[in-house]
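Participant: kindly return the folded structure for what I paste below:
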Amino acid sequence: MGYVLDFNMENRPSTMTPAHFLRFFFLLFIIFYSTLSHAAEGGSLYILTNTPGATVYLDDNQIGKTDATGGFLIDNIPPGSYKITVEMAGYKKVERTFKIKEGGLTEHANITLQSITAAPSKEPKPPEKKVGPPPKPIEKVTKVKPTPTPTPTPTPPEPPKEMEEKKPEVPEKEKVAIPPAKKPFLEIFDLGMILLIVLPLIGIILLLLLIKSILGKRKKRVLRIPTPTRSLRVTTPIRGVSVDQAPVVGNYKILEKIASGGMANVYKAVHIKKGWMAALKVPHEQFQSDKKFVERFRREGELGKKLHNENIIHIYESETAKDGFTFIAMEYLEGIDLRQYLEKHGKITIDEGLQIILPVCRALDYAHVKGVIHRDIKPENIMLPLQKGKGRIVLMDFGIAHSAFLGTIGTGSTYLGTPYYMSPDQISNKEVDGRSDIYSLGVVLFEMLTGQHPFNEPDPLKVLFHHKETPPPRLTSINSEIPLMLEMIVLKMLAKQPEDRYQSVESLLVELQDFMLKEGIEID
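Facilitator: Numbers count the residues shown, from 1 in each chain. Predicted structure coming up:
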C-alpha cells in the first residue's frame, strides 16, 4: 500500500511545547485575577425616606443627607453587615441593619420616619408646656362642654424648631471613608493564599516535566520520521553508513537516490530539525555553475511554493546550500508515475484514462488562473497512487527545467521541453501560454488511449518537425473502440495553432465531463 506524507497539525504527535506551557500559565493568571477582582467587588445601598434632608449614618459615621426626593445612595460598600441610622429633627430616629452582598449588587431600603407629637412626648421639657393661659379661662372652657374649642393639629411647630436649633450644637462627626468589612477581606485573603500556593506548585511540576522531556529528547539521538499511517523504514544511501553519517544538503539528510534525469537527481531525504520526509531535486554539477540555469531553477521553485492544490505536488523550499548546491525540496510521495504505469499495462481503458486526465486538468486550470505555465507535461510528471482510488493523482515539476530536454534547432536558439510532448509554440520559440500545456496534455491523452505517441520517430529533431508541421493521425485508425466525440476532443487539443485549440483548461474540462456523463463514466 502506498501512502502520502501529510504534515497537517492533526497528524502531528501531541507533545507539549514551551508555548503550550506559557498559554497554560496565562490562562491560570486570568482565572486568578478575575476571581480576586470578583470577590473584592462590593455592593451599593439605596435609602429612600419620606422626608428630604434626613441625616444618614453608616455605623455611627455621618455620611450625608437625603436629597429632595428623600433618596440617598451609598456606593462601593464592601460585603458585610452594616448599621444604618436615619434621623431628622421632629421625627423619631430609625436604626436598621443591612447585609451587603458581593458582586456589585444594589440593595434597596425604604425607611419611614414617624413625626414626634406633643402629647406622647416624654422629653424633659414639661416647664415649657405648663406656661399657658390663666386657670380661669381654662375652667370656662371646661364648663362649656357642648362647644369645646377645637384642639390644634398635632404637628408641633415649636419643638421641631428647638430641636433643629439644638441639633447643630452637637458636633458632627467627620465624614470618613467607609470602613472595609473584616470578614469578606479575610475570605478574599484566604482564597488568594490558596491560589498563590497552588499555582506555583503546579508551575513547578509542569516545569519539571518540560525539563524532563527536553533532556529525554537530547539523550535519544534516533532519527524519527513521522507519517500519518505507519513509521517509515529509513534506508541509507551507502552500505555500512549510518543515518547520522548520511550526506547533508541544506537542512536535509539524503537517505537514497530514487530517480535520475538528464539534468538532475532526485533523492529521498529527511529534514534534520523537523523530521519530515521530502523529495530533494539537485541539478547535476555541470548545471550548478550555470548562473542563468540556477536563477531560473530557484525562481520557478519559489513560484511553485505558491501553488496550493490537492492535485499539485507541494514544494517546501528552493535554496542554495552553504556548500553551493542549489536544490528544491518538495513533498515526498510513494506511488508510480504514469510512464511506469503505461510501460506495465500498455494502452489503458477509456474510463481509466479519463479518470487520470481529469485531476491533471484541475491542477492545470488552477495553475493557469495563478499565472503559472507548466511547460513540461508528460507521463513522468504525473504521479499515480499505488492502489487505484486510494490516494491522489498529482502533477509534478511545475515550471521546473531539470526534467526538460535541452537542445538547439535551426539557428542554434535554445529550446526547453521534452520532444515527444512539446507544443509547436515551444518549438517556434514563441511566448507560450496555457494553450501550450493543453497541447502537451493532448499528447499524453493520445498515448493513454492508443498506446503510442502521435509521432513515433527515434530522432528527436524529426519528432519536433512533425509536431510543428504534420497533422496527428486519427485515434480511431489505431484504436477503433475510441468514440468519435472523444477523438474530436483529443484532435482539438492537438491543433497546430493555439487559437484552434481549447482556449482554457476550464472549457476542456466541461467537454470531457459532458462526454463522461453521456457515456456513463464515473466522475471523481
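Participant: any idea whether residue 282 is helix, strand or coil?
Facilitator: strand (DSSP: H, G, I helix; E, B strand; the rest coil).
Participant: in contact with the residue nearest to it when sequence neighbours are not counted, which residues?
Facilitator: Distances taken as C-beta to C-beta, 6 or more residues apart in numbering put residue 327 closest to residue 282, at 4.7 Å, once the chain neighbours are dropped. Glycine gets a C-beta too; all of them are placed from N, C-alpha and C. Counting by C-beta atoms under 8 Å, 6 or more residues apart in numbering, residue 327 touches 249-250, 252, 280-283, 318-321.
Participant: now for those, which pair is the farthest apart?
Facilitator: With distances taken as C-beta to C-beta, the most widely separated pair in those is 252 and 283, at 15.3 Å.
Participant: what about the two, which has more around it?
Facilitator: residue 252 (27 against 23; other C-beta atoms under 10 Å).
Participant: for the residue nearest to that one when sequence neighbours are not counted, the count of nearby residues, please.
Facilitator: Among residues not flanking residue 252 along the chain, residue 269 sits closest, at 4.0 Å (C-beta to C-beta, 6+ apart). For residue 269, the count of nearby residues is 28 (other C-beta under 10 Å).
Participant: check residue 290 too.
Facilitator: Residues near residue 290, counting by other C-beta under 10 Å, number 12.
Participant: next: residue 341.
Facilitator: Residue 341, neighbours per other C-beta under 10 Å, totals 19.
Participant: give me the element it is part of.
Facilitator: helix 338-345 (DSSP states H and E).
Participant: check which residues of that helix are buried.
Facilitator: 338, 341-342 (16 or more other C-beta atoms under 10 Å).
Participant: helices or strands up against that helix?
Facilitator: strand 382-384, helix 434-450 (3 or more C-beta pairs under 8 Å, 6 or more residues apart in numbering; DSSP states H and E).
Participant: a markdown table for those, including mean neighbour count and mean pLDDT?
Facilitator: Formatted as a markdown table, the helices and strands packed on helix 338-345 follow (neighbours: other C-beta atoms under 10 Å; pLDDT from 0 to 100):
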| stretch | mean neighbour count | mean pLDDT |
| --- | --- | --- |
| strand 382-384 | 23 | 94 |
| helix 434-450 | 24 | 96 |
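Participant: give the other helices and strands that the helix or strand where the residue nearest to residue 252 lies contacts.
Facilitator: According to DSSP H and E, residue 269 maps onto strand 264-271. If contacts are counted by 3+ C-beta pairs under 8 Å, 6+ apart, strand 264-271 sits against strand 252-260, strand 277-283.
Participant: quick one: residues in contact with the last one.
Facilitator: If you take C-beta under 8 Å, 6+ apart as the criterion, strand 277-283 is touched by 5, 225, 227, 232, 249, 252, 254, 258, 263-271, 293-294, 297, 316, 325-333, 400, 402.
Participant: just the buried subset of the residues you listed, please.
Facilitator: Using 16+ other C-beta under 10 Å as the burial test, the contacts of strand 277-283 include 5, 225, 227, 232, 249, 252, 254, 263-271, 293-294, 297, 316, 326-333, 400, 402 as buried.
Participant: the stretch 301-450 of the chain: strands as residue ranges?
Facilitator: Here the stretch 301-450 of the chain has its strands, by DSSP state E, counting those that start in this stretch, at 315-320, 326-331, 336-337, 382-384, 394-395, 405-409, 413-417.
Participant: which of these has the lowest mean pLDDT?
Facilitator: Mean pLDDT is lowest for strand 405-409 among the strands of the stretch 301-450 of the chain, at a mean of 40.
Participant: which residue sits closest to residue 424, ignoring its sequence neighbours?
Facilitator: Using C-beta to C-beta, 6+ apart, the nearest residue to residue 424 is residue 468, at 4.6 Å.
Participant: and residue 398, by the same measure?
Facilitator: residue 304 (4.7 Å).
Participant: was I right about residue 470 contacting residue 462?
Facilitator: No: assessed by C-beta atoms under 8 Å, residue 470 is found out of contact with residue 462, at 9.8 Å.
Participant: overlap in contacts, these two.
Facilitator: Among the neighbours of residue 470, those also in contact with residue 462 (C-beta under 8 Å, 6+ apart) are residue 455.
Participant: can you count the residues close to residue 472?
Facilitator: 19.
Participant: what about the nearest residue to it once chain neighbours are set aside, distance to residue 423?
Facilitator: With C-beta to C-beta, 6+ apart as the criterion, residue 472 has its nearest non-adjacent residue at 4.2 Å, and that residue is residue 454. Residue 454 is 12 Å from residue 423, where distance means C-beta to C-beta, to the nearest Å.
Participant: perfect, I'm done here.
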